[in-house]
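> Attaching a predicted model along with its sequence, questions to come.
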Amino acid sequence: MQSFISETIDTILKTTTSFENVVFILPSQRAGVFVKQALKDKIHTGFLPEIQNIGSFIEEVSEISKVDSVALLFHFYTIYKSVEKNPDSFDKFSSWAFTVLQDFNEIDQHLVKAAEIFVYLRDIERLKKWSVEGVFKETAMVKDHFSFVEKLGEFYPKLYAFLKEKNIGYQGLIYREATLKMDAYLQNNPHKKFVFIGFNALNTAEEVLIQKMLAAQNTTIYWDIDAALLDKKQQAGQFIRKYKSTWKHYEKNDLNTIGTTFFEKKNIAVIGVSKNISQIKYAGEILSKLPQLQNTAMVLSDETLLPITLSSLPKNVAAINITMGYPLKDIPSTALMFSVFQLFLSQEKLQKITENSFYHKDVIRFIKAPAIYRLLQKDGATIADDIVTAITKENNTFVETTYLTTFFEGLAPSFQKTITAIFNPLSTIADFISRILDLINLLKEGANPLEKEFLFRFHTIFLQLQNLHNDYRYFQNLKTLHLFFKQLIGSENLSFQGEPLKGLQLMGMLETRVLDFENVIITSVNEGILPANSQQQSFIPFDVKVAFDLPTYREKDAIFSYHFFRLLQRAKNIFILYNTEPDVFGSGEKSRFVKQLEMMRSDIQQKIIGPKVVTEKTILKEIPKNESVLNTLKILAEKGISPSVLTSYLYNPIKFYKQKILKIKELDGVEETVAFNTLGTVVHETLDELYTPFVGRFLEAKAVSEMLKKAKPLVEKHFKIAFRSGDLKTGKNRLIFEVANRFVLNFLQQEHSLLKDGENQLKIIATEENLAATIRVDGLDFPIKIHGQVDRVDTLNGVTRIIDYKSGMVSSTNLKVPTFSNIRDEKYHKAIQVLLYAFLYTKSTNYDFNTPLEAGIISFKNLKSGFLSANFSASRTKDTLITAEKLEAFMDEIKSFLLEMYKLETPFIEPPNLKY
């Protein structure tokens, strides 16, 4: 395969013997590397030509330097404030200013008379206000918009003059000035010859410049296009057809280097793959099957897939050149920078500035950032973990600076000073930026080369922000700086360094200009991506753009059509991948470019690729027991097994193994909102304190009335104990406090209603009583202790009741136990708990069963149902009486579970169809 660059240089060498005063001008800097290499291969002695990209050449002609986009925004804000009487804040301004600057750029690149287009826009808006009745009702928003459009015509000339005076400019300004200075430039450089290589879509300024140079007869232009694409029906040849028909130069001259390779034999596969990740994985499979990757390009139509692509490359990719930048927003250091911002943004939002305390999640996010976590080491221990443990233990929703600094004592002086400074009260924006720069300088000391590259980029950004802030003072508060930083990071990329002539070329579509490859893989060839959708970020309406010959989505479609088909011209093996799955962005529809290609060629292979689904039999987790496990279980048997431990084993033996054998606990966190178990604890403790004085006595309605008066203070008391440093004054916590209070009051009112007529007799026997009993299980040579805490035992009208309080919802169906043969099922677990309490009570008190015995639950969310007792009836009738025979049958089943738990040969097995 002979590339376009190679063909063009062969053509040039036929008429050129020396390149001493020759300038090659190319669409991109990257193309220059390949041109230079091709010249080295073909010229053995002599000077190489000067090689420039179009941007640097235009700067040379205009004698104006290109201004940085961030500095340009600050310059524009200066102009804006001088025009606008009531200017927007800088953060609000920056949200629309980039779009305005892009419009200014297009106006200048296409040499539109600025005054005319702004008057045109103004008149359109004025016509909208015209009414037959002579009255047009304006909302504040509409009025602002009209005012904004009127002012555009003032912003543009003032900004243009301001930049020109400083001899700097955005690209469009540089182009416009270059067209004015081109004649002088050509007169000053009569000895130079210029060669334009591989151009396609030129803006109006470029057209004017090149035509002037062609007229001077010291310039040649070589187009990269195939005869098949010059066909009138082909969108890809739209621009070059226009130049051929309208440029004076082509009245007497032909187009150079028209190719004829498009219809040569090629292996073209159009492959449909579901979703983006599958596309990238399949592209990796294609790469792994290629014998060598030296002349191979993988083109990402959707450049946001670069991070996924880098982690999906096959092992045979030994060398790679990446032309795209890695998004700065996706690197770990970005999260650290945002965490510093968030410390103070949350502080301001939650109004904790005067206390100088920080929201615990922000503190933990900062100290847990990998770079900070490594720094916070003292005597072999990690300070970050100590801080998290202390915050959690004390349940501190907000953490004071003085509290934090105690943990930093003992660090190296430079570390301690910089980390402590981060948490100091915020005084100025300049102070905040200085803290960030100090932190970056500290972090780079222990960073690896890649991390240093990340930190250097952030150092550059914050240094620039510091200089701009010192010069302009536009960042009035941290929120403004944060929004601007976020906007800036979203558009910044980290450039990769590599050898551009070796290995796989990983590139975006625009980087393929002028370059040719034998093997080409293009991903995400879908409508809405290639070409992009028709939405435009501009304040200039579509019809106005058409009227003034400004580019619209139609021209952009033609540009990408050219890039797509040009890339295929000389390639031999082409793999075009598209997403088959429809989603909100329109993926799933094959790009129109592929449809056009299918109409042009009949030798295209069509494939639909699905992920390889390997059907495997679901194997439940199984953990065998050994002597060590059995010894731990024996210790548990001595300490005692509670009803909740037993039901957790029945629900999931694997979870039981992790919690009770391996001693793995759930990670504690700061309880900002009252947890459900905390609510239950408060209600239980409150009722225990209210009822304890009446243990062994009959309860009267008068006593319950006194309890009602004491209830709320006791609820507050127990919340302070259980919720530690939590705030109960506002928000959800206030609501939960009221719920707990209502639970207690409703329950006491129900008790009062039960006793007020004197018809019922209620005697409190025990509250929150710890019960235990030892049992023997056939097949085991050691006893097992069963223990539990019963919330309440009482007698109501001669019936002894074992009561378990539940703050959650419980209904009578949860306590129906018609048989004991299948009580392993989760729906019987509440019944198991209360029946075990009944067993423990009968054993602890040597209960004779002469007095009727019931066991059940009082649900605070279902108080209207009253006491819900265990029901042994298989029909709709009630059988709530617990007898010695029923308890014996129940315990036989419990013993079978315990035997299973302790039997060495029976492994812990995960149950099928677990809910959670």
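That came through, no problem. Please read all numbers here as calculations on a predicted model, not as lab measurements.
> mind checking how far the closest residue to H110 other than its chain neighbours is from V61?
In space, and not counting its chain neighbours, H110 is closest to T204: 4.2 Å by C-beta to C-beta, 6 or more residues apart in numbering. All C-beta atoms are positioned from the backbone trio N, CA, C, and that covers glycine. Separation of T204 from V61 (C-beta to C-beta, to the nearest Å): 16 Å.
> So for the two, which residue has more residues nearby?
V61 (21 against 18; other C-beta atoms under 10 Å).
> and the gap between the residue nearest to H110 and K113?
Distance of T204 to K113, given as C-beta to C-beta: 12 Å.
> ditto for E555
E555 sits 20 Å away from K113, going by C-beta to C-beta.
> more crowded one of the two?
Taking E555 and K113 together and counting by other C-beta under 10 Å, E555 has the greater number of neighbours (15 against 11).
> contacting residues around that one?
E555 is in contact with A201, counting by C-beta atoms under 8 Å, 6 or more residues apart in numbering.
> Surely it is within a helix?
Yes. Assessed with DSSP: H, G, I helix; E, B strand; the rest coil, E555 lies in a helix.
> Could you tell me how far it is located from G788?
E555 sits at a distance of 79 Å from G788 (criterion: C-beta to C-beta).
> do T618 as well
From T618 over to G788 the distance is 36 Å, taken as C-beta to C-beta.
> How about Q464?
For Q464, the distance to G788 - C-beta to C-beta - is 67 Å.
> go on, F358?
43 Å.
> before we move on, what about I320?
Distance, I320 to G788, using C-beta to C-beta: 64 Å.
> I174 too?
The gap separating I174 from G788 is 83 Å, by C-beta to C-beta.
> ok, Q464 and G788, which is more surrounded?
Applying other C-beta under 10 Å to Q464 and G788 shows that G788 carries more neighbours, namely 23 against 14.
> so the more buried one sits right up against Y837, yeah?
Yes. Using C-beta atoms under 8 Å, G788 is in contact with Y837, at 5.7 Å.
> So for the two, which residues contact both of them?
Shared contacts of G788 and Y837, counting by C-beta under 8 Å, 6+ apart, come down to P643, L771.
> Give the burial count for the residue nearest to A532 when sequence neighbours are not counted, as a bare number.
Distances taken as C-beta to C-beta, 6+ apart place K556 nearest to A532, at 6.9 Å, with adjacent residues excluded. Neighbour count for K556, taken as other C-beta under 10 Å: 15.
> From Y562, how far off is K556?
Counting by C-beta to C-beta, the gap from K556 to Y562 is 11 Å.
> what about this protein, any weak spots by pLDDT?
By pLDDT under 70, the low-scoring segments of the chain are 131-137, 352-355, 380, 583-588, 725, 916.
> contacting residues around the residue positioned nearest the centre of the chain?
Nearest to the geometric centre of the chain sits D330, at 9.0 Å (C-alpha atoms, centre = their mean). Applying C-beta under 8 Å, 6+ apart to D330 gives the contacts P307.
> And the strands in the stretch 101-250 of the chain, which stretches?
Ranges of strands in the stretch 101-250 of the chain, per DSSP state E, counting those that start in this stretch, are 168-169, 193-199, 219-223, 225-226.
> Pick the most buried one from these.
Burial of those is given as mean neighbour count (mean count of other C-beta atoms under 10 Å); strand 225-226 ranks first at a mean of 24.
> What strands flank that strand, and is each parallel or antiparallel?
With DSSP bridges as the test, strand 225-226 is paired with strand 258-259 (parallel).
> how far is the strand it pairs with from where the chain is centred?
Taking C-alpha atoms, centre = their mean, to the nearest Å, one finds strand 258-259 lying 46 Å from the centre of the chain it belongs to.
> So that it lines up with my notes, have the first residue be 56 from now on.
Fine by me, first position is 56 from now on; the one you just mentioned is strand 313-314.
> correct me, but K898 touches A828?
Yes. Using C-beta under 8 Å, K898 is in contact with A828, at 3.8 Å.
> since we're on N732, how many residues are nearby?
Neighbour count for N732, taken as other C-beta under 10 Å: 11.
> Please apply the same query to D96.
Per other C-beta under 10 Å, the neighbour tally for D96 reads 10.
> Looks to me like it is in a strand.
No. D96: not assigned to a strand; according to three-state DSSP it is helix.
> how much space between it and K507?
Separation of D96 from K507 (C-beta to C-beta): 37 Å.
> cool, R568 as well?
For R568, the distance to K507 equals 33 Å [C-beta to C-beta].
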